[in-house]
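S.K.: here is the input, now give the coordinates:
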Amino acid sequence: MPITDSIKITPWFYLYFIENEGMAFGMKWGGDGGKLLLTLFRIAAVSFFSYWLWSLVKKNAHWGLIISVAMIIAGAMGNIFDSVFYGVIFSESHPGGPVAQLFPNGGGYGSWLHGRVVDMLYFPLMEGTFPQWVPLWGGEYFVFFRPIFNVADFSISSGVIAILIFQKRFFKKEESTEIQNTDSETENNSVTVQPPE
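M.R.: So this is what the prediction gives:
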């Protein structure tokens, strides 16, 4: 079913407000407890990636790897901000309904660490109906690139994709530096034997 409650920028780009209660692509996991675990996992992941970024900068790693990891951290921080604070500082909102109020009198729609992540970018690049002869989906409506996402998701995805595509280039310098360090240590530890006179 096509999305109708949105702002059309171009035929293939819409701004569409939606609050994502779970993980990527709106998947949910385990109710309130799952939401809390997801937020805590995001915080732990950002801590790990921040330490990794710090060590990459210290090692003078490839600039592309440093930028990619920084993009992952920045995107995750944006989603964490939504998860931690939005439930407390905003009232309930729905597409086509009343606009969310900042700091409502009765309090927000949720509690700390239980906020929804706001998504707004929608790119329905192609839509239509599958031909009847297609197994399983014949005659069903489809949209190619259905996910609605935000800038933070784009930043995380771009960082991960860049690391996957350029991994040989990003990690080559680090490996060759380790080999050179091992070779120089071997040379320093070798004992020179003088022939007898």
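S.K.: any weak-confidence spans in the chain?
M.R.: 1-5, 22-30, 95-96, 173-197 (pLDDT under 70).
S.K.: in it, which strand has the most residues?
M.R.: Identified as the longest strand of the chain according to DSSP state E is strand 13-20.
S.K.: next, the buried residues of that one.
M.R.: Neighbour counts over strand 13-20 (16 or more other Cβ atoms under 10 Å) mark Tyr14, Tyr16, Phe17, Ile18, Glu19, Asn20 as buried. All C-beta spots, glycine's among them, are computed from the backbone N, C-alpha and C.
S.K.: and the strand or helix carrying Val46, what does it pack onto?
M.R.: Element membership of Val46, judged by DSSP states H and E, is helix 31-58. Judged by 3 or more Cβ pairs under 8 Å, 6 or more residues apart in numbering; DSSP states H and E, the packing partners of helix 31-58 are helix 63-89.
S.K.: now the helix it packs on: buried residues?
M.R.: Residues of helix 63-89 classed as buried: 65-66, 68-73, 75-80, 82-84, 86-88 (neighbour count, 16+ other Cβ under 10 Å).
S.K.: starting at the chain centroid, how far to the helix or strand just after it?
M.R.: Moving toward the C-terminus from helix 63-89, the next helix or strand (DSSP H and E) is strand 117-122. The chain centre lies 13 Å from the centre of strand 117-122; the measure is Cα atoms, centre = their mean, to the nearest Å.
S.K.: other residues contacting strand 117-122?
M.R.: Under the contact criterion Cβ atoms under 8 Å, 6 or more residues apart in numbering, strand 117-122 has outside partners 3, 6, 13-20, 79, 82-83, 86, 148-154.
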